[in-house]
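Student: here is my input; please provide its structure:
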Amino acid sequence: MIRDSRKSAKTILRKAVSFHGHLGPFLVLGIRMGVIARSFLKPKNQNDLKAVLEAKLTPPVSCVADGVQVASGCTLGRGTIQLSEVSDRILARFQAHNGACTIRVKSHVLDELLEGTSKASDDGIRRMADDMMTRSDAELFDIVPTL
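Tutor: The predicted model follows:
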């Protein structure tokens with residue numbers, strides 16, 4: 001059973017902002033994706049969980065990668081995350097000893113953020129991040145677990 005990621009994401013947020021350098025909605029999406037994956041797959045150690053992230057690899061969309069790294073523990077340095085350039089979606093496939101799950105940002109959420117971030121002030125970006133933190137997992141993601 002996957003618990004809602006909002007509460008756990010809030011505890012990770014400060015660390016992720018420190019790592020990334022600022023708060024933004026794509027960072028929050030990445031945090032929530034990593035929290036969902038850890039909650040569902042319950043990796044047995046830091047090298048058990050692996051991720052493949054498909055997204056546009058330029059800001060602001062690429063900011064999702066930092067959120068995924070901080071929240072999931074999958075890192076580029078350890079080789080437990082791979083990034084794949086895809087321009088039309090944000091999707092992460094996570095795998096651990098006991099199964100896998102795919103987490104995809106819903107297309108209307110991605111469209112909303114792309115439109116909003118192109119016009120938003122710094123305060124607007126923070127408000128969008130706060131909004132991504134308060135929405136339910138079901139509102140933001142399609143989650144497909146496989147065991």
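Student: identify the residues contacting whichever strand or helix holds Ser118?
Tutor: According to DSSP states H and E, Ser118 maps onto helix 107-119. Here helix 107-119 makes contact (CB atoms under 8 Å, 6 or more residues apart in numbering) with 24-26, 29, 60-61, 89-90, 124-125, 128, 132, 139-140. C-betas here are computed from N, CA, C, even on glycine.
Student: what does the helix or strand following that helix contact?
Tutor: Scanning forward in sequence from helix 107-119 by DSSP H and E, the next helix or strand is helix 122-134. Helix 122-134 has contacts (CB under 8 Å, 6+ apart) with 6, 9-10, 13, 23-25, 27-29, 32, 113, 116-117, 120, 140.
Student: where's Ala26, which helix or strand?
Tutor: To be clear, residue 26 is Phe; Ala isn't right here. Phe26 belongs to helix 25-41, assigned by DSSP H and E.
Student: circling back to that earlier point, are any of the contacts of helix 122-134 buried, and which?
Tutor: Buried by 16 or more other CB atoms under 10 Å: 9, 13, 23-25, 27-29, 32, 113, 117, 120, 140, out of those.
Student: related to what we said a few turns ago, so which other helices or strands are in contact with the helix holding Phe26?
Tutor: When contacts are defined as 3 or more CB pairs under 8 Å, 6 or more residues apart in numbering; DSSP states H and E, helix 25-41 packs onto helix 6-20, helix 63-72, strand 91-96, strand 99-105, helix 107-119, helix 122-134, helix 137-140, strand 141-146.
Student: one more pass at 7 Å, please.
Tutor: Where contact means 3 or more CB pairs under 7 Å, 6 or more residues apart in numbering; DSSP states H and E, helix 25-41 is packed against helix 6-20, helix 63-72, strand 91-96, strand 99-105, helix 107-119, helix 122-134, helix 137-140.
Student: elements contacting the third one?
Tutor: The criterion is 3+ CB pairs under 7 Å, 6+ apart, and the helices and strands that strand 91-96 contacts are helix 25-41, strand 50-55, strand 99-105.
Student: any weak-confidence spans in this structure?
Tutor: Judged by pLDDT under 70, the chain has its weakly predicted residues at 1-3, 147.
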